[in-house]
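K.L.:
pasting the structure only:
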């Protein structure tokens, strides 16, 4: 396993981070694993050097934290792990049950620690940017959580570059702790964060961790999976022809290499110069192994062109642009990869 310091902090994390959105209870979503099915995947990740585990209170409406908390307690020492969880979407309906108000943030860290059965999390993250709460209120609360010892660091996820700038300016003005990590979506089929967010994070000293390297499963070629058939976000984000063409390009390179589509898609992310860590939400140990192989997979110029040639600009994917994707068209292929087979 490769390790890296996260941003300008001294915190060392594995370059693969175990994503846990698929762990908790299938009562939440049909593709979620229960505790028994989740444990072998967590164990395999830990056995292969992963020390970075990503959670959120929202996953399985809190059950995800309970399940993963019990599993890691059986398998590892707490001090050897870097545990993150997120606040924002909440675990229930009702007034003050979501968002980034001081009330909800303070309630949420206590509830997450109780579910995890831990005294602290290593990184407490904003799940998005709450436009309805003053940024000073949010970041003052996050600063107090670090000062109280309930979190070692803070992080952020899924927002516009200008929104991250507002957060950093508020922290700078008030002497509050700053985020050390930005968690964002990046893959062959979605690259808008390359324009501003990744360069800004590099300039400001934030680590960059990436989720959805497989475009919610599209780039694996398994478009008939339970998740792809039941998760409407996949349809919103990756239902245009350019996305399908990108998936076909991934398949062409994978077939020429004799490896899985997933390994090629993950290798594109792992090799990205703006990426520190890649989240892996594996359903099997074999799927996790493809991410391990991706860390060592390098592309030649023609392979990289094939993987990137279909990409064209699109609307940013976040909570404020749902249903507003633009249609995209592809550039012509080279003779080597100018094939017509469809993604299986």
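P.N.:
Arrived safely. None of these values were measured; they are calculated from a predicted model.

K.L.:
assumed residue 306 was part of a strand.
P.N.:
No - per DSSP: H, G, I helix; E, B strand; the rest coil, residue 306 lies outside any strand segment and is helix.

K.L.:
mind listing what the nearest residue to it once chain neighbours are set aside touches?
P.N.:
Take residue 306 and drop its neighbours on the chain: the residue closest to it by C-beta to C-beta, 6 or more residues apart in numbering is residue 337, 4.3 Å away. Glycine gets a C-beta too; all of them are placed from N, C-alpha and C. By C-beta atoms under 8 Å, 6 or more residues apart in numbering, residue 337 lies in contact with 249, 252-253, 256, 302, 306.

K.L.:
what's near enough to touch residue 190?
P.N.:
Counting by C-beta under 8 Å, 6+ apart, residue 190 touches 212, 215, 237-238, 314, 317.

K.L.:
ChimeraX command for the buried members of those residues?
P.N.:
Here is the ChimeraX selection string for the buried members of the contacts of residue 190, based on 16 or more other C-beta atoms under 10 Å:
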select :212,215,237,238,314,317
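
K.L.:
mind putting the contacts of residue 190 into TSV with pLDDT and secondary structure?
P.N.:
Converted to TSV, the contacts of residue 190 look like this (pLDDT from 0 to 100; DSSP: H, G, I helix; E, B strand; the rest coil):
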residue	pLDDT	secondary structure
212	95	coil
215	93	coil
237	74	helix
238	81	coil
314	70	coil
317	68	coil
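
K.L.:
now do stretch 130-150: distance to the chain's middle.
P.N.:
Remark: stretch 130-150 is offset 22 Å from the chain centroid, using C-alpha atoms, centre = their mean, to the nearest Å.

K.L.:
same thing with stretch 207-218?
P.N.:
5 Å.

K.L.:
measure it end to end?
P.N.:
Length of stretch 207-218, first residue to last, C-alpha to C-alpha, to the nearest Å: 26 Å.

K.L.:
ok, now stretch 171-178?
P.N.:
OK, stretch 171-178 end separation, C-alpha to C-alpha: 6 Å.

K.L.:
circling back: just the pLDDT at the residue nearest to residue 306, thanks.
P.N.:
Listed pLDDT for residue 337 reads 80.

K.L.:
what's the spacing between it and residue 255?
P.N.:
10 Å (C-beta to C-beta, to the nearest Å).

K.L.:
what of residue 89?
P.N.:
From residue 89 to residue 255 the distance is 39 Å (C-beta to C-beta).

K.L.:
do the same with residue 239
P.N.:
24 Å.

K.L.:
just the strands in the stretch 201-344 of the chain please.
P.N.:
Using DSSP state E, counting those that start in this stretch, the strands assigned to the stretch 201-344 of the chain run over residues 207-211, 277-280.
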